[in-house]
Structure formats: structure tokens, C-alpha cells
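Engineer: fold the following, please.
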Amino acid sequence: MTHNGEDTAPLTRPEVTELRLASGPDPLMPAHEPSELPQDRSQAILEATKAIGALLKRAGHPFALAGSVAVYAHGGSRYLQHDADFAILPDDAEAVAATLREAGLGVRTPPEDWLLKTTCHGQNIDIIFALAHQPVTRDMLDRAHVLPVDSVLMPVLSPTDLLRSLISAFSEHYCDFGSVLPVARAVREKVDWDTVRASCGDQPMPAAFLFLLERLNVINPQEGQP
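Structural biologist: Numbering: from 1, shown residues only. Okay, the predicted model is just below:
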């Protein structure tokens, strides 16, 4: 796996101008959504993911699937209960927002300054341009793996970048080891753990989680450690 020193410059929120809720029907929604949507919530999230992924591919926007659907694409659990996340470059935020609007989707700007939000097939979609307080980079997107998501091929964050973003987010204010532990178990053989340690292992909460993985025999102890 390629090692990369990512740009750690402070994130500047891109200018996303004239975002507005779309009027009229959503062209990505079926004509009779309540009766046609899958009863399975996970399948509904996958349908929304496929629609947005196909839209971004057609428009030529660099992106990579992130979050729980990315874990599923890498062989993790199919139990999806939240939303779908797409990582894009900060400088592309305005163009991606325009593409979503042209498709009839409403684009919302939440208080958080590192993402945009939309809805497709009744499911929440997060368009993210920063992971764990660091901007999404071209190198990160270049490392993405093209994988089938249900029936649509799309770029998916590499397992190493995916775990690094999840573990780096741990802090005194957010420390949900229980949600990330099954992810680490599912993709442990595909992750470059030395790269993860080098990027965030000197921080208290990420270091504690890595220690937990070692004690549970999910990963091997760091070389030189007992």
C-alpha cells in the first residue's frame, strides 16, 4: 500500500454560493416512492448510494465513498442504519452542489463547515470535504479502490484511509470505540496499521483504541513493544 504524507494545512471552507432547495419532483426518486422503496432500510441506503454515485460519475467529479457503506463495500456488515457519505475535494464543493441541484436534489449547508447535505430516495446523504478535521486530498481519492456497491462500480476510500479517518476523530468529546471496533475487525487484513499509527497514534484517544485492538488480538502489537 502506498504511503502518503497528506497536506495537513488548516481546512478552509469552500465558497458554495446560492445553495437552495430544489423545487419540483426529485428525478432520482421513483414515481410512487412509499410503495416502491425497499422495506429493508439498509437496501434503501444502498439504492440512494448508487443513485448519487452514478450521478457524480456521470458529471466527472472526483470522489470516494466513505462511512458505513464504504465498510460494506470492503466486506463489512450490510447493517446500514444512518446515511451515505461521499468524500470530495474542498475546491469541488460548489461544482458538486450545482450537479446535485441540476438533478433536482435540494442542497443544504449545515452549521458544520466541512460538509453539504442532500436527500435521495428519502435517505440522508453527506457530501464531505474534510475527514477528522483534515481536508480530503487528491492523493486520498487516488488511493480509492473501485468496488461494486450492490450493482454499481464506484471509488471507495481505501481501508487504511477509512480507518485512519475514523480513529483520528476520537477525542475526549467523542470516543465511541464500540462503533469502530467491528469496522476494524472487518477490514483488519486490508489496513496498513503502521500508516494509521504514524498518522494518529501519538494522540491519547486513538492510541487507546489501537491498544485495545492489540489486547483483543485484532492487530499485532507495534514492533519493539512488548
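Engineer: below-threshold pLDDT in this protein: ranges please.
Structural biologist: 1-39, 81, 224-226 (pLDDT under 70).
Engineer: who's the residue nearest the centre of the chain bridged to?
Structural biologist: Among the residues of the chain, residue 66 comes closest to the average C-alpha position under C-alpha atoms, centre = their mean, at 1.9 Å. Beta-bridge partners recorded for residue 66 (DSSP bridges): residue 85.
Engineer: am I right that it is in contact with residue 129?
Structural biologist: No: under the criterion of C-beta atoms under 8 Å, residue 66 is not in contact with residue 129, lying 11.0 Å apart. C-beta: built from backbone N, CA, C; applies to glycine.
Engineer: now do the helices in this protein.
Structural biologist: Counting by DSSP state H, the chain has helices at residues 33-36, 41-59, 67-73, 93-102, 138-142, 159-168, 177-187, 193-200, 204-215.
Engineer: how about the ones you listed in TSV, adding mean neighbour count and distance to residue 85?
Structural biologist: Formatted as TSV, these follow (neighbours: other C-beta atoms under 10 Å; distance: least, C-beta to C-beta, whole Å):
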stretch	mean neighbour count	distance to residue 85
helix 33-36	10	22
helix 41-59	20	9
helix 67-73	25	3
helix 93-102	19	13
helix 138-142	16	14
helix 159-168	25	10
helix 177-187	16	13
helix 193-200	19	19
helix 204-215	17	20
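Engineer: quick one: which of these is nearest residue 111?
Structural biologist: Among these, the nearest to residue 111 by C-beta to C-beta is helix 93-102 (15.7 Å).
Engineer: just to revisit the earlier point, what do residue 66 and residue 129 both touch?
Structural biologist: residue 87 (C-beta atoms under 8 Å, 6 or more residues apart in numbering).
Engineer: wait, residue 206 sits on residue 170?
Structural biologist: Yes: between residue 206 and residue 170 there is a contact under C-beta under 8 Å: 5.3 Å.
Engineer: give the residues shared as contacts by these two.
Structural biologist: With C-beta under 8 Å, 6+ apart, residue 206 and residue 170 have no common neighbours.
Engineer: if we can go back for a sec, between the helices of the chain, which one is closest to residue 108.
Structural biologist: Minimum separation from residue 108 across these (C-beta to C-beta) falls at helix 93-102, 9.8 Å.
Engineer: okay then, goodbye and thanks.
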